[in-house]
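Trainee: need the 3D shape of this:
(one chain, ligands or ions: 2)
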Amino acid sequence: MALASGAAALAASLLLSAAPAAHAEFRLPPIDSDPKRCERGFVGNTIGQANAVSDKILDLRKCVYAGKNLSGKVLAGALMSDADFSNANMQEAVLTKAYAVNASFAGADFTNAVLDRVDFNGANFKGAKFVNVVLTGATFDGADLSETNFEDALVGSQDATRLCANPTLTGESRDQVGCRQ
Ligand SMILES: *[C@@H]1O[C@H](CO)[C@@H](O)[C@H](O)[C@H]1NC(C)=O
Ligand SMILES: *[C@@H]1O[C@H](CO)[C@@H](O)[C@H](O)[C@H]1NC(C)=O
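Mentor: Ligands and ions are numbered 1, 2, ... in the order given. Just a heads-up that it's a prediction; the model follows:
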């Protein structure tokens, strides 16, 4: 296995501590100064980097992917806070150990996606489709889950508890997640 660079290792450990333990206080690295950093979102990284050990962190913070096609992309260890994925095609995307606080996924389509250990606190999912997703270790504190569709989603039990505690998850979405009420 390749040795992680200092920054990658740091971010990976930050993300590890950030994921299900919501509200962990930590400092993010400064935004990557590479002017093409947002374009890297269309490439993603490979499954081999699924544990977020890579030479360079995928820094997609504040990038705009509204309405874009990111279907099948692997976004491992990505920093995605404040980014705009509204109405994006995220079908079959793989997000693992990602930090997506306050990002917008309004109207995004996550059909068949894998969402594993992602911090979605404060994110906007209004009208997003989670059809047939696999959802594990994700946090949704303060996220807007209104009008979401979780049909046939495979939701981890702790994830279900967290989702059901979110007051914006209402109506049929609650049944789909398996909430008691
Ligand atoms: C989106 O991207 C995927 C993967 O590159 C491709 O197979 C699919 O046809 C694209 N969909 C649209 C609507 O362009
Ligand atoms: C997310 O948004 C909330 C509310 O606007 C803000 O208090 C918080 O600092 C933001 N967090 C990040 C990491 O941007």
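Trainee: ranges for the helices of the protein?
Mentor: 6-18, 157-164, 172-177 (DSSP state H).
Trainee: chain center to the shortest one, what's the gap?
Mentor: For helix 172-177, the distance from its own C-alpha centre to the chain's C-alpha centre is 20 Å (Cα atoms, centre = their mean, to the nearest Å).
Trainee: for it, packing partners?
Mentor: Counting contacts by 3 or more Cβ pairs under 8 Å, 6 or more residues apart in numbering; DSSP states H and E, helix 172-177 packs against helix 157-164. For every residue, glycine as well, the C-beta is placed using N, CA and C.
Trainee: list the buried residues in the helix it packs on.
Mentor: 159-160, 162-164 (16 or more other Cβ atoms under 10 Å).
Trainee: and if you look at stretch 71-84?
Mentor: For stretch 71-84, by 16+ other Cβ under 10 Å, it's 73-84.
Trainee: hang on, the earlier thing: ligand 2: which of the buried residues of helix 157-164 is nearest?
Mentor: residue 162 (17.4 Å; Cβ to the nearest ligand atom).
Trainee: excluding sequence neighbours, find me the nearest residue to whichever residue of the chain sits closest to ligand 2.
Mentor: Going by Cβ to the nearest ligand atom, ligand 2 is nearest to residue 102 of the chain, at 3.8 Å. Once flanking residues are discounted, residue 102 sits nearest to residue 122: 4.2 Å by Cβ to Cβ, 6 or more residues apart in numbering.
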